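Enquirer: Predicted model, plus sequence, below.
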Amino acid sequence: MVNFQVAENYGMDDLLKIMELLRAPGGCPWDRAQTHQSIRDNMLEEAYEAADAIDREDADNLKEELGDVLLQVVFHASMARQAGQFTFDDVVDGICKKLVYRHPHVFGSAEAAGPEGALSAWDAQKREEKGQRTAADALDSVARALPALTRAAKLQGKAAKAGFDWKDAAPALDKLSEELEEFQTAVRDGSNTEEELGDLLFAAVKAGRFAGVDGETALQKACDKFIRRFRRVEELAPKALDILDVPALEALWHRAKEEET
């Protein structure tokens, strides 16, 4: 039993203390065994769950999920402190300094005309801070751990800011058609399919940007729609799906689709 006083309400210092006790000798064997890499996916999962709560406008769940995200921050900081790398206070100090530095229009003498001007100031300060001398440097700084569609949109957005973009949607749509044809050829030939699929998806993100549609959001909604219609297909099916032929499955799918319209 560790020396800890249970309280009715806790603060930030209590969270840091709890994590310290969990990671200390005599604490939790699982928590003590973790590394940055072993809980890497936990950080992503908790962030996605927080985003899901935002999308559902569920304030109670958002409060819980933000706590889970905060736990991941504290967990990683605790491991770094034990390794002599940095502390939680260093994390807080770093983000405070970043916020002050990247808001010269608030904490300095610069001016920003509206939200877009503020964002431009942020980007300019970030490029200077990171030593990004070229637009390619800015593209290379986009996190590779992002969902691929989101990463593609960010890369295209940064390239567009550098002047590398079409003026309207027509060329983007032509490129999408071109990439579809190349993917179809690759499938028929049985070669280079992964690269051509990647090019097709990248072109689809570009076309979506011109239409004002975020590719990641659109695909998430398509996934939700697929689940909803698949559930209805199961309900309508007279027997197990795996013993129905393709025409029967397609008929059920079209019926499920028609019921939504």
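Expert: Cool, the structure landed. Residues are numbered from 1 along each chain as shown.
Enquirer: least trustworthy helix or strand in the chain by mean pLDDT?
Expert: Across the helices and strands of the chain, mean confidence by mean pLDDT, DSSP states H and E is lowest for helix 114-130: a mean of 80.
Enquirer: who touches it?
Expert: With C-beta atoms under 8 Å, 6 or more residues apart in numbering as the test, helix 114-130 has contacts from 98, 101-105, 110-112, 132, 137-138, 141, 161. All C-beta atoms are positioned from the backbone trio N, CA, C, and that covers glycine.
Enquirer: distance between that helix and the chain's centre?
Expert: Remark: helix 114-130 is offset 21 Å from the chain centroid, using C-alpha atoms, centre = their mean, to the nearest Å.
Enquirer: Stretch 75-89 too?
Expert: 24 Å.
Enquirer: quick one: average pLDDT of that stretch?
Expert: For stretch 75-89, mean pLDDT rounds to 97.
Enquirer: Pull out the buried positions in that stretch.
Expert: By 16 or more other C-beta atoms under 10 Å, the buried positions in stretch 75-89 come out as 75-81, 88.
Enquirer: which outside residues touch it?
Expert: 16, 19-20, 23, 31, 34-36, 39, 43, 73-74, 90-91.
Enquirer: Restricting to C-alpha, output the least confident helix or strand of the chain in CSV.
Expert: Below are the C-alpha coordinates for helix 114-130, written out as CSV (Å, rounded to 0.1, in the frame of the first residue of the first chain):
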residue,chain,number,x,y,z
GLY,A,114,-8.6,39.0,-38.1
PRO,A,115,-8.3,35.2,-37.7
GLU,A,116,-6.5,34.8,-41.1
GLY,A,117,-3.9,37.4,-40.2
ALA,A,118,-3.3,35.8,-36.8
LEU,A,119,-2.8,32.4,-38.4
SER,A,120,-0.4,33.9,-40.9
ALA,A,121,1.6,35.4,-38.0
TRP,A,122,1.6,32.1,-36.3
ASP,A,123,2.9,30.3,-39.4
ALA,A,124,5.6,32.9,-40.0
GLN,A,125,6.8,32.6,-36.4
LYS,A,126,6.7,28.9,-36.6
ARG,A,127,8.9,28.8,-39.7
GLU,A,128,11.4,31.1,-38.1
GLU,A,129,11.4,29.1,-34.9
LYS,A,130,11.9,25.8,-36.7
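Enquirer: Just the element for Val6, please.
Expert: Here Val6, judged by DSSP states H and E, is contained in no helix and no strand.
Enquirer: and the gap between it and Pro25?
Expert: 21 Å (C-beta to C-beta, to the nearest Å).
Enquirer: What is the burial count for Ala113?
Expert: 10 (other C-beta atoms under 10 Å).
Enquirer: Just read off the phi/psi values of it.
Expert: Main-chain dihedrals, Ala113, degrees, to the nearest 10: phi -90, psi 90.
Enquirer: So Ala211 is in contact with Ala169, correct?
Expert: Yes: when contacts are counted by C-beta atoms under 8 Å, Ala211 is listed as touching Ala169 (6.5 Å).
Enquirer: neighbour-wise, which of these two wins?
Expert: Higher neighbour count among Ala211 and Ala169: Ala169, with 16 against 11, using other C-beta under 10 Å.
Enquirer: in terms of contact, does that one touch Arg209 like I think?
Expert: No: between Ala169 and Arg209 there is no contact under C-beta under 8 Å: 9.0 Å.
Enquirer: In which helix or strand does Leu176 reside?
Expert: Assigned by DSSP H and E, Leu176 falls in helix 169-189.
Enquirer: so Val142 touches Ala153, yeah?
Expert: No: assessed by C-beta under 8 Å, Val142 is found out of contact with Ala153, at 9.8 Å.
Enquirer: more crowded one of these two?
Expert: Legend: neighbour count by other C-beta under 10 Å for Val142 and Ala153, higher for Ala153 (22 against 15).
Enquirer: and the chain, what are its domains?
Expert: Split into domains by automatic domain parsing, the chain comes to 12-86, 220-260.
Enquirer: and those, which is most packed in?
Expert: Of all those, domain 12-86 carries the top mean neighbour count, a mean of 14, counting by mean count of other C-beta atoms under 10 Å.
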